[in-house]
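[1] Provided below are the primary sequence and the corresponding predicted coordinates.
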Amino acid sequence: MKQSIFEIVSNQALTANVYRMELRGDTSAITAPGQFVNIQLDGMYLRRPISVCDVQGDILTIVYKVVGKGTEAMSRMESGKLDILTGLGNGYDLTLAGEKPVLLGGGVGVPPMYLLARKLREQGKEVSVILGFNTKDEIFYEQEFKALGCAVTVTTVDGSYGLKGFVTDALKTMDYTHFYTCGPEPMLKAVYRASVTSGQMSFEERMGCGFGACMGCSCKTLTGYKRICKDGPVMMKEEILWAQ
């Protein structure tokens with residue numbers, strides 16, 4: 001973990017309530033796709049955890065959804081500096097991918113899939129990506145994944161674009177060696193049930209400190225209690241105990 005000051009380079013809307021922000025600063029603590037950063041905002045007591053979408057050199061890219069006062073304030077920032085904790089969380093293990101990994105992202109679970117896809121493509125993997133949204137108006141990053149050379153399938157719940165249904169409907173038609181996913185818990189549970197290989201799941205959770213001190217985001221696994229922010233957010237499919 002490292003605390004650094006980042007300068008806002010750009011901040012643009014991708015959809016009505018999803019934004020992409022690029023920041024310049026010390027990215028050396030970010031070592032794996034799937035990690036997150038914790039952002040301090042003026043007037044806010046708790047930092048805001050945001051997944052890493054991409055990192056290249058000293059440029060950090062985050063994609064976030066406006067859901068409260070903190071992210072609403074971020075959406076209005078055109079310039080300035082932010083105090084950010086970087087290198088948080090364990091990230092995805094690329095060594096388990098096999099030759100044909102599939103990546104599933106739902107809503108704001110899509111951004112961490114981008115850096116993962118880029119790293120897997122750099123290793124020569126045949127990467128399939130499934131992006132899940134409620135409706136056509138919510139879709140973002142389809143073309144960015146295609147530009148990496150990924151086979152991209154988009155699903156919408158209302159059928160307004162792509163395949164009508166959920167990411168699991170697309171998953172059932174695919175041949176893959178390992179899966180990676182991030183999204184809301186109902187989606188993760190559905191992927192858990194529908195998948196036919198081992199895989200890695202990134203959990204979204206409210207966090208207090210973001211680095212394991214407060215124990216506020218603990219969950220029970222086959223190997224005992226784990227902290228989503230410190231021991232996760234990525235967990236292996238086989239270790240997850242779902243709440244009844």
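    Everything's here; your move. Numbers count the residues shown, from 1 in each chain.
[2] What pairs with the host helix or strand of residue 19, parallel or antiparallel?
    In the assignment (DSSP states H and E), residue 19 maps to strand 18-24. If you go by DSSP bridges, strand 18-24 pairs up with strand 2-13 (antiparallel), strand 59-65 (antiparallel).
[3] Next, the buried residues of it.
    Within strand 18-24, the residues that count as buried by 16 or more other C-beta atoms under 10 Å are 18-23. Backbone N, C-alpha and C define where each C-beta goes, glycine included.
[4] Could you measure from residue 61 over to residue 69?
    23 Å (C-beta to C-beta, to the nearest Å).
[5] Neighbour count: those two, which is higher?
    residue 61 (18 against 12; other C-beta atoms under 10 Å).
[6] The more buried one against residue 22, yeah?
    Yes: in this structure, residue 61 is within contact of residue 22 by C-beta atoms under 8 Å, at 5.3 Å.
[7] returning to that earlier point: most tightly surrounded among the strands paired with strand 18-24?
    Neighbour counts (mean count of other C-beta atoms under 10 Å) averaged over each of the strands paired with strand 18-24 peak at strand 59-65, with a mean of 21.
[8] Not counting its own residues, what contacts it?
    6, 9, 14, 17-25, 27, 30, 37, 50-55, 71, 74, 84, 86, 107-108, 110-111, 140-141 (C-beta atoms under 8 Å, 6 or more residues apart in numbering).
[9] if you set the cut-off to 7 Å instead, what comes out?
    6, 9, 14, 17-25, 27, 37, 50, 52-54, 71, 74, 108, 111 (C-beta atoms under 7 Å, 6 or more residues apart in numbering).
[10] which SS class is the residue located most distally from the centre of the chain?
    Most distant residue from the mean C-alpha position of the chain: residue 43, 26.0 Å away (C-alpha atoms, centre = their mean). Recorded secondary structure, residue 43: coil (DSSP: H, G, I helix; E, B strand; the rest coil).
[11] Once you drop chain neighbours, what's closest to it?
    Leaving aside its sequence neighbours, residue 43 sits nearest to residue 73 (C-beta to C-beta, 6 or more residues apart in numbering; 7.9 Å).
[12] same question, residue 47
    Nearest residue to residue 47 in three dimensions, chain neighbours excluded: residue 38, at 4.0 Å (C-beta to C-beta, 6+ apart).
[13] which strands and helices sit next to whatever helix or strand residue 117 lives in?
    Taking DSSP H and E as the definition, residue 117 sits inside helix 111-122. In this structure, helix 111-122 makes packing contacts with strand 48-56, strand 101-106, helix 142-147, strand 178-183, judged by 3 or more C-beta pairs under 7 Å, 6 or more residues apart in numbering; DSSP states H and E.
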